[in-house]
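J.: Here is my input; please provide its structure:
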Amino acid sequence: MGPKSPLAVFLLICVSICVAEEVLSAKRLEKVCSGECPEYELLCSNPEYDVRRYKSALWVSTTESDLSLTLGSERAWNHIHEYFKGKNDQSVKMAYTAPMVTQTRSLGTPLREITVSVPLPKKMAKTPPVPADPKVVIDLMPESIMYVKKFEGRSNRVGFVPDLEAQNFFKILSDNREPFNGEDDYYYVAQYDSKGGQSGPLTYNEIGVFALNERVYRVHEFNDRVRQGSPKCLQNDERLRSWGKIVQADIPVGALVRRHCSGTHCKAPKTCPKPEVKELTGAEDQTVTLKKYTDLQYASFSPYTCHYDTAIIASAEPLARHLNKTGVPHAEVAMMSTSVVEIRKDLDGKEGCKKFYNIYALRGGASGDSEKDFHELSLEQPDWHGLRSPKTKDVYHLRKSHERQDFYTRCMGGNIYYEPGTTTSVANALMDSLREEKRCFLGDHIGVLEYHPQSRLFDRFNEVYVDADLDCTLQDDRPPFTFHLPLSKAYGRSEEKPVFGDRCTDYECPNMSIAMRFENNLRLMRHPPAKWICTNSTSPSCTYDQAWEKALQPILSYINGKNEDNVRMDMTRPLYGQGYTGEAGHECVKQFT
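T.: Sure thing, here's the model as predicted:
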């Protein structure tokens, strides 16, 4: 063999260095994670980044606002440090965990929010020490899929390094056509080698960008676009159909309750409402306030469901379509509201749903013209489809004045989709506090406001609210009730959901469209005008299969050539069957179409 050319030698060296760097990075992460670190599954990777699924876990977080990422993260770390050193209700000292994660985003403004978070030690998960400092909070981070890129450097010593790394990473994801929330979204800097800014010359760091969680995935699944919403390497991966959650009974609700309400939860580019805010004098809980809104504008949707989780999932697409149709940028939406309303049994009966839901996309800057400011979305001619809104809504809630709205509120953290137990606890505590203060409210109409997107993992801000009855004139004839949030069977599902594929891959189908989606794979289909072939079987059949076969035979004969033109045809889809049974005790199928 002859001597290698200089180019071949150069390429060999480059490949060797790249492979060595990848192995070194993997070993380095293993080394720096010798203590307690968050659990994750490496779903797939390429030479530029990983796609990981991080398991649901409790984290300790605090947020500062600063011009400098370096100074802001150091000040935030000091609060975390004090908590781990015993500044908590148990006076317990805990060993540090890793990594230290800095959550931030660059919106082109000098002042930015900087959240620093570290995992809570697993042995403390059942009974987390409550921070003595109200700015330090316990967060439940839901299971999340992240894009993760490794880099080395003193990331929190040089404030512009993470921003540059984030810009570079966003560009890589965009060039690779990966689905993510855009280049002004949150990003996450994970530092494994340092605490409190004491960075060495070559600190092992990672930068992460949110891809999706179960809630985002369920929206994609509900609207038949899982492939478009999933990382490219997972678009045909069955692992996405199964998600894990912390059991509701194991969530330490008391430790997750907020004792300090953020004042920076609504900033540009959001169009923020400007409510008049009053603290309740004499109230023991300082997080309870009265808010009067006069500048709200909204779009609302009432999904046809009995379940809290389905209401959130089913409303996302109709509201997004409306915003796109009316030219409202999604970034201008200040908050999302899930309003839970108790059904009146005297109007809607004892059977069926006990609640209905209104989901709102809210922002400030109302024009004063109700036709422009308020949009209630609904299915066209719902009565034709056997659907109707509850009479409770028509009688009690459509009369409400839009121009001025008064609410008692209490702030809370977390992600409301994953913490219905926390939401219920905070709502009941709010109402108990109002009763103690002898204040009137409409307890059968409760809601929760979300101010942050799903891509914000830590120190989220929400508010539970209840309609205020300031002059106590609406209290008569209000039935007693117990507030709770009913969940669908799919909410607690841990096994994979079956996939049925495209029903029209192999056959000619009419150009149907979906008028509305419901839970459990139900669809309300809209058929175009068309000619159909029908047949009836009127001889009794004591099984559905027998009735189907009898009715189907004449159609099969027709398409196989037994017609006036002796023409054979290909089978089209779908086939519809409708049967009629006899009286009770004589359930054989009497007629099948």
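
J.: Show me where the stretch 251-400 of the chain has its strands.
T.: 276-279, 288-293, 297-301, 335-342, 355-363, 374-377 (DSSP state E, counting those that start in this stretch).

J.: Please apply the same query to the stretch 101-250 of the chain.
T.: Taking DSSP E, counting those that start in this stretch, the strands of the stretch 101-250 of the chain run over residues 112-119, 137-141, 144-152, 187-191, 204-213.

J.: would JSON lines of those strands with mean neighbour count and distance to P47 be doable?
T.: In this view, the C-beta of every residue, glycine as well, is placed from N, C-alpha and C. Below are the strands of the stretch 101-250 of the chain laid out as JSON lines (neighbours: other C-beta atoms under 10 Å; distance: least, C-beta to C-beta, whole Å):
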{"stretch": "strand 112-119", "mean neighbour count": "23", "distance to P47": "28"}
{"stretch": "strand 137-141", "mean neighbour count": "24", "distance to P47": "28"}
{"stretch": "strand 144-152", "mean neighbour count": "21", "distance to P47": "11"}
{"stretch": "strand 187-191", "mean neighbour count": "24", "distance to P47": "20"}
{"stretch": "strand 204-213", "mean neighbour count": "24", "distance to P47": "15"}
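
J.: ok, how many other residues are close to the residue nearest to T109 when sequence neighbours are not counted?
T.: In this structure, T109 finds its nearest non-sequential neighbour in A268, 7.2 Å apart by C-beta to C-beta, 6 or more residues apart in numbering. The number of residues packed near A268 is 11, by other C-beta atoms under 10 Å.

J.: A268 and E463, how far apart?
T.: 20 Å (C-beta to C-beta, to the nearest Å).

J.: Adding distance to V226 and mean pLDDT, write the strands of the stretch 251-400 of the chain out as JSON lines.
T.: Converted to JSON lines, the strands of the stretch 251-400 of the chain look like this (distance: least, C-beta to C-beta, whole Å; pLDDT from 0 to 100):
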{"stretch": "strand 276-279", "distance to V226": "42", "mean pLDDT": "88"}
{"stretch": "strand 288-293", "distance to V226": "37", "mean pLDDT": "93"}
{"stretch": "strand 297-301", "distance to V226": "22", "mean pLDDT": "94"}
{"stretch": "strand 335-342", "distance to V226": "22", "mean pLDDT": "93"}
{"stretch": "strand 355-363", "distance to V226": "22", "mean pLDDT": "94"}
{"stretch": "strand 374-377", "distance to V226": "24", "mean pLDDT": "91"}
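
J.: Which of these sits closest to E41?
T.: The closest of the strands of the stretch 251-400 of the chain to E41 is strand 335-342. By C-beta to C-beta, the value is 29.6 Å.

J.: Can you spell out which residues form a bridge with the closest residue to Y360 other than its chain neighbours?
T.: In this structure, Y360 finds its nearest non-sequential neighbour in S337, 4.0 Å apart by C-beta to C-beta, 6+ apart. On the basis of DSSP bridges, S337 is bridged to Y360, L449.

J.: Just to check, S337 is in contact with Y357?
T.: No. Under the criterion of C-beta atoms under 8 Å, S337 is not in contact with Y357, lying 10.2 Å apart.

J.: Neighbour count for these two, which is higher?
T.: The residue with more neighbours, out of S337 and Y357, is Y357; 24 against 18, by other C-beta under 10 Å.

J.: Contact partners for the more buried one?
T.: Counting by C-beta atoms under 8 Å, 6 or more residues apart in numbering, Y357 makes contact with S302, P303, T305, Y308, A311, S315, T338, S339, V340, V341.

J.: mind listing what the last one touches?
T.: Okay, so that is V341. Taking C-beta under 8 Å, 6+ apart as the test, what V341 contacts is K355, F356, Y357, N358, T392, K393, H397, D444, H445.

J.: So S61 belongs to a strand, correct?
T.: Yes. According to DSSP: H, G, I helix; E, B strand; the rest coil, the state of S61 is that of a strand.

J.: pretty sure it contacts D459?
T.: Yes. Between S61 and D459 a contact is recorded at 4.5 Å, counting by C-beta under 8 Å.

J.: what touches both of the two?
T.: Common neighbours of S61 and D459, using C-beta under 8 Å, 6+ apart, are T115, S117, V137, D139.

J.: for the stretch 401-550 of the chain, what spans make up the helices?
T.: 420-436, 544-559 (DSSP state H, counting those that start in this stretch).

J.: in the last one, what counts as buried?
T.: Of the residues in helix 544-559, those scored as buried under the neighbour-count criterion (16 or more other C-beta atoms under 10 Å) are Q546, A547, W548, K550, A551.

J.: Can I get stretch 47-55 as CSV, trimmed to CA atoms?
T.: Presented in CSV, the C-alpha positions along stretch 47-55 are these (Å, rounded to 0.1, in the frame of the first residue of the first chain):
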residue,chain,number,x,y,z
PRO,A,47,-24.2,14.5,15.2
GLU,A,48,-25.7,17.9,16.1
TYR,A,49,-28.2,17.2,18.9
ASP,A,50,-30.1,14.6,20.9
VAL,A,51,-33.9,14.1,21.2
ARG,A,52,-34.6,13.1,24.8
ARG,A,53,-37.6,12.3,26.9
TYR,A,54,-37.2,13.7,30.5
LYS,A,55,-39.3,12.0,33.1
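
J.: and it, what's its mean pLDDT?
T.: Averaging pLDDT along stretch 47-55 gives 97.

J.: circling back to that earlier point, is the residue nearest to T109 in contact with L107, as I believe?
T.: Yes. Taking contacts as C-beta under 8 Å, A268 lies within contact range of L107: 7.3 Å.

J.: Mind checking which of the contacts of V341 are buried?
T.: K355, F356, Y357, N358, T392, K393, H397, D444, H445.

J.: Now distance to T281 too, for these, in JSON lines please.
T.: Formatted as JSON lines, the buried ones among the contacts of V341 follow (distance: C-beta to C-beta, whole Å):
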{"residue": "K355", "distance to T281": "33"}
{"residue": "F356", "distance to T281": "35"}
{"residue": "Y357", "distance to T281": "33"}
{"residue": "N358", "distance to T281": "31"}
{"residue": "T392", "distance to T281": "34"}
{"residue": "K393", "distance to T281": "35"}
{"residue": "H397", "distance to T281": "30"}
{"residue": "D444", "distance to T281": "26"}
{"residue": "H445", "distance to T281": "25"}
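
J.: which of the contacts of Y357 tops the neighbour count?
T.: Greatest neighbour count in the contacts of Y357, by other C-beta under 10 Å, goes to A311: 26 neighbours.

J.: which residue packs closest to that one, ignoring adjacent ones?
T.: The shortest distance from A311 to any non-neighbouring residue, by C-beta to C-beta, 6+ apart, is to Y357 (3.8 Å).

J.: Quick check: the gap between the one you found and I343.
T.: 11 Å.

J.: Kindly report the same for I80.
T.: Distance from I80 to I343, by C-beta to C-beta: 45 Å.

J.: E317 now?
T.: 25 Å.

J.: Look at these two and report which has more neighbours.
T.: The neighbour comparison of E317 against I343 (other C-beta under 10 Å) goes to I343, with 22 against 16.

J.: my read: the more buried one touches C353, true?
T.: Yes. Taking C-beta under 8 Å as the definition, I343 is a contact partner of C353 at 6.1 Å.

J.: where do the contact lists of the two overlap?
T.: Applying C-beta under 8 Å, 6+ apart, one finds that I343 and C353 are jointly contacted by P390.

J.: nearest to Y54, of the strands of the stretch 101-250 of the chain?
T.: Smallest distance to Y54 across the strands of the stretch 101-250 of the chain (C-beta to C-beta): 5.3 Å, for strand 144-152.
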